[in-house]
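S.K.: Got a predicted structure plus its sequence, pasted below:
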Amino acid sequence: MSTFTAIRYTSSDGLALYARDYPATVDAGADAKVTARLPVICIHGLTRNSADFDELAPLVAAMGRRVIAVDVRGRGHSARDPNPANYNPMVYAGDIIRLMEALGLARAVFVGTSMGGLITMTLAARRLDLIAAAVLNDVGPVLSVRGLQRIAGYAGRCNELANWDDAAAYLRDINACAFPDNSDEEWGKWARRAFEQKDDGQLALRYDPNIATAIQTGKLRPTSLAARMAFRRLARRRPTLLVRGALSDLVEPEQASWMRKAAPELQYAEVPNVGHAPMLTEPEALGAIRTFLAKLP
């Protein structure tokens with residue numbers, strides 16, 4: 001597995017933010033085009049962080065592309081915002097713009113899981129010029145109420161836990177419906193990504209509980225005119241791949257069908273026996289991403 005370099009930058013409102021930078025690992029001497037290939041920016045879901053891409057990012061880097069995996073504000077190593085109202089896609093998109101400016105990136109391919117996809121669509125509405133192509137992982141402008149209610153039921157509600165076995169059990173309890181084939185080893189791996197150990201030995205989730213306010217209060221709606229317009233702007237004007245978990249309760253067949261009709265050029269891949277949201281290392285997802293990226297500069 002390749003290593004990464006920590007990136008620390010500051011948002012426009014002064015918040016300290018973090019990302020992981022995975023360099024392209026293809027030998028540039030063997031492939032002169034590697035330095036010109038578009039970078040990939042990976043954005044995680046609501047309660048997750050950049051560690052969710054610790055397996056995907058090296059695989060994409062091995063395709064000759066630099067990969068930046070972000071910690072959205074309030075998650076992972078990024079600072080918590082003292083104003084919870086800033087936990088919204090418009091502010092998050094502004095942070096991505098700031099990151100690209102700091103790194104001197106004119107364009108990138110975006111991989112957005114769940115909330116990360118909403119951020120990508122918001123960015124498309126604001127600065128489509130920054131997006132060369134996009135992978136939307138189990139998310140879209142129309143979402144199932146069933147999935148939103150399930151996420152609202154657990155987001156921001158976990159107390160500190162005593163040990164790593166308890167952390168793995170917590171993640172299994174809230175995610176087993178979406179990942180019925182996960183092994184105990186896999187749940188343990190997820191626990192190390194999602195939790196951090198405090199000075200007193202207790203384990204706490206690596207995010208600010210206030211990030212869940214919008215979904216818990218119903219401010220995050222299943223759809224909106226602005227979201228549908230942003231999706232059409234993205235998927236009709238930039239190569240876009242939708243990856244959907246076959247068991248997903250957030251993007252069910254009805255929502256996926258709407259997206260494919262609204263954007264006939266939308267590429268599509270489905271991951272069997274996985275729900276919301278695929279880790280993107282599943283053979284069906286990874287194969288689709290490899291094919292998608294191979295067609296891009």
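M.R.: It's in.
S.K.: from here on, contacts and neighbour counts on C-alpha atoms
M.R.: Will do.
S.K.: give me every residue that touches the residue nearest the centre of the chain.
M.R.: The chain has His44 as the residue nearest its centroid, 2.4 Å off, counting by C-alpha atoms, centre = their mean. His44 is in contact with 50, 52-53, 70-72, 112-116, counting by C-alpha atoms under 8 Å, 6 or more residues apart in numbering.
S.K.: Next step: these restricted to helices.
M.R.: Among the contacts of His44, the residues falling in helices (DSSP state H) are 115-116.
S.K.: What distance do you get for the residue nearest to the centre of the chain to Pro278?
M.R.: Distance of His44 to Pro278, computed by C-alpha to C-alpha, to the nearest Å: 11 Å.
S.K.: sorry, back to before: quick one: which of the contacts of His44 is nearest Ile289?
M.R.: Gly112 (12.3 Å; C-alpha to C-alpha).
S.K.: From Gly188, how far out is that closest one?
M.R.: Per C-alpha to C-alpha, Gly112 is found 24 Å from Gly188.
S.K.: between those two, who's got more neighbours?
M.R.: Gly112 (24 against 19; other C-alpha atoms under 10 Å).
S.K.: for the residue nearest to that one when sequence neighbours are not counted, what are its contacts?
M.R.: Leaving aside its sequence neighbours, Gly112 sits nearest to Ile43 (C-alpha to C-alpha, 6 or more residues apart in numbering; 4.8 Å). Listed by C-alpha under 8 Å, 6+ apart, the contact set of Ile43 reads 50, 69-72, 110-113, 115-117.
S.K.: try 7 Å
M.R.: 69-70, 111-113, 116 (C-alpha atoms under 7 Å, 6 or more residues apart in numbering).
S.K.: same thing with Val243?
M.R.: Taking C-alpha under 7 Å, 6+ apart, one finds 136-138, 268-270, 285 in contact with Val243.
S.K.: Please tell me which one of these counts the most neighbours.
M.R.: Counting by other C-alpha under 10 Å, top hit in the contacts of Val243: Asn137 with 30 neighbours.
S.K.: one step back: pipe the contacts of Val243 into CSV and attach pLDDT, distance to Leu105 and secondary structure per row.
M.R.: Converted to CSV, those look like this (pLDDT from 0 to 100; distance: C-alpha to C-alpha, whole Å; DSSP: H, G, I helix; E, B strand; the rest coil):
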residue, pLDDT, distance to Leu105, secondary structure
Leu136, 99, 21, strand
Asn137, 98, 23, strand
Asp138, 98, 26, coil
Tyr268, 98, 27, strand
Ala269, 98, 28, strand
Glu270, 98, 31, strand
Ala285, 98, 26, helix
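S.K.: Check those against Thr25 and report the nearest one.
M.R.: Ala285 (21.1 Å).
S.K.: from what I can see that closest one touches Pro272, true?
M.R.: No. Counting by C-alpha atoms under 7 Å, Ala285 does not reach Pro272; the two are 9.8 Å apart.
S.K.: Show me where the stretch 1-150 of the chain has its strands.
M.R.: 5-10, 16-22, 40-43, 67-71, 108-113, 131-137 (DSSP state E, counting those that start in this stretch).
S.K.: quick one, which of the ones you listed is nearest to Leu143?
M.R.: Here strand 131-137 is closest among the strands of the stretch 1-150 of the chain (C-alpha to C-alpha), at 12.6 Å.
S.K.: Could I get the full set of helices for the stretch 151-297 of the chain?
M.R.: For the stretch 151-297 of the chain, the helices defined by DSSP state H, counting those that start in this stretch cover 164-175, 184-194, 213-216, 225-237, 253-262, 283-294.
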